[in-house]
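K.L.:
Predicted coordinates and the sequence they were generated for:
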Amino acid sequence: VKLLFILIVILCLVYSATSFAIESSYIWSDSSNFEQSLKTNAPINGQNSNLNSESNSNPNTNSNTLNLESGSAILIEQSTGQILYEHNIHEKLRPASVTKIMSVLLVMEALDSGKITLEDKVPCSSNASSMGGSQIWLNETEELTVNEMLKAMCVVSANDCTVAMAEYIAGSQEAFVEKMNTKAKELGMKHTQFKNCTGLDDDIKSGHFSSAYDVGLMSRELIMKHPGISKYSTVWMDTITHKTKKGESQFGLTNTNKLVRFYDGITGLKTGSTSKAKYCLSATAKRNGLNLIAVVMAAPDHKVRFSE
């Protein structure tokens, strides 16, 4: 009976892995033509990126020729910012936890400036611990390092860690959100406004929204200026150690971005989903010297999100 049970478990695992592999078959087009066509574009260091101007949007790529089911999408060549495909890229939509790309960007900037270090111990307030949604169940009596917080933010989209980091850097979530909106303006994100640092309970009417184009802007800023973020956003599985008055306990982390495990060349970045936002994704990848950023928003389900 025990052997039969083990056999059934093995067969279920094999079937699950096979099903995901079939449903997640991704096609990477030949990059040689893209590479040749992008030679004339100015590099990011020249600040002449095609992505920084809405006037460079190609109307011929906005017809949804790929018949995507998602509400909006954009494909960008990373180094130049050239838009390779677009679909409703300026429509204001709910970004869900893709919001955290901006939160992570500000954390990375704080690290680069020396304001904080990866070894800093970050406390957890009652506000942070009560966030709900995706979380690692931080306790008010514990502290985690910035390194651990960043890992939890990128891998499991931890709302409690995101708020704790926001409070640590800016003093309050509200002050941190002001910094988020200031940075959004600096990047030219004209169709974005943040009301919180997590994307939890986001709502367009309340003033929390973004667009595929704008998500592309902040994704590009993060991956170009802070490539070390891939160290965190490509972690498939890891653990966090909770240290409280009751002792120590391990909390398992599994990346919400399934492309990290199954897509050859993936370098990040972030998923997001709520009942209102549906399923969102900003993903970065590299093959044959070609770096791409793909953003999908308002996909009907998680399978479509990853396949498109």
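P.N.:
Arrived safely, thanks for sending.
K.L.:
mind listing the strands for the stretch 1-150 of the chain?
P.N.:
72-77, 83-87, 121-123, 143-145 (DSSP state E, counting those that start in this stretch).
K.L.:
which strands and helices sit next to the second one?
P.N.:
So the one you mean is strand 83-87. The helices and strands touching strand 83-87, judged by 3 or more CB pairs under 8 Å, 6 or more residues apart in numbering; DSSP states H and E, are strand 72-77, helix 212-225. Every residue, glycine included, has its C-beta placed from N, CA and C.
K.L.:
Likewise for the first one?
P.N.:
Where contact means 3+ CB pairs under 8 Å, 6+ apart, strand 72-77 is packed against strand 83-87, helix 212-225, strand 290-299.
K.L.:
Next: the last one.
P.N.:
Packing contacts for strand 143-145, counted by 3+ CB pairs under 8 Å, 6+ apart, involve strand 121-123.
K.L.:
Contacts only, for the closest residue in space to residue 191 that isn't next to it in sequence.
P.N.:
Of all residues not flanking residue 191 in the chain, residue 211 sits nearest, at 4.0 Å (CB to CB, 6 or more residues apart in numbering). Residues in contact with residue 211 (CB atoms under 8 Å, 6 or more residues apart in numbering) are 72, 89-93, 191-192, 297.
K.L.:
circling back to that earlier point, redo the helices and strands packed on strand 83-87 as a markdown table? Include mean pLDDT.
P.N.:
Below are those laid out as a markdown table (pLDDT from 0 to 100):
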| stretch | mean pLDDT |
| --- | --- |
| strand 72-77 | 95 |
| helix 212-225 | 97 |
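K.L.:
can you tell which of those is closest to residue 134?
P.N.:
For these, proximity to residue 134 was assessed by CB to CB; helix 212-225 is nearest, at 18.1 Å.
K.L.:
residues of that closest one that come out buried?
P.N.:
212-224 (16 or more other CB atoms under 10 Å).
K.L.:
Likewise for stretch 145-159?
P.N.:
146-159.
K.L.:
I'd like the average pLDDT over it.
P.N.:
Stretch 145-159 carries an average pLDDT of 95.
K.L.:
How far away from the center of its chain is it?
P.N.:
Distance of stretch 145-159 from the chain centroid (CA atoms, centre = their mean, to the nearest Å) equals 12 Å.
K.L.:
partner residues bridging residue 291?
P.N.:
residue 286 (DSSP bridges).
K.L.:
quick one: it and residue 198, what's the gap?
P.N.:
From residue 291 over to residue 198 the distance is 28 Å, taken as CB to CB, to the nearest Å.
K.L.:
The two: who's more crowded?
P.N.:
Higher neighbour count among residue 291 and residue 198: residue 198, with 29 against 19, using other CB atoms under 10 Å.
K.L.:
In JSON lines, list the contacts of residue 211 along with neighbour count.
P.N.:
Below are these laid out as JSON lines (neighbours: other CB atoms under 10 Å):
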{"residue": "72", "neighbour count": "24"}
{"residue": "89", "neighbour count": "25"}
{"residue": "90", "neighbour count": "16"}
{"residue": "91", "neighbour count": "16"}
{"residue": "92", "neighbour count": "15"}
{"residue": "93", "neighbour count": "25"}
{"residue": "191", "neighbour count": "18"}
{"residue": "192", "neighbour count": "24"}
{"residue": "297", "neighbour count": "30"}
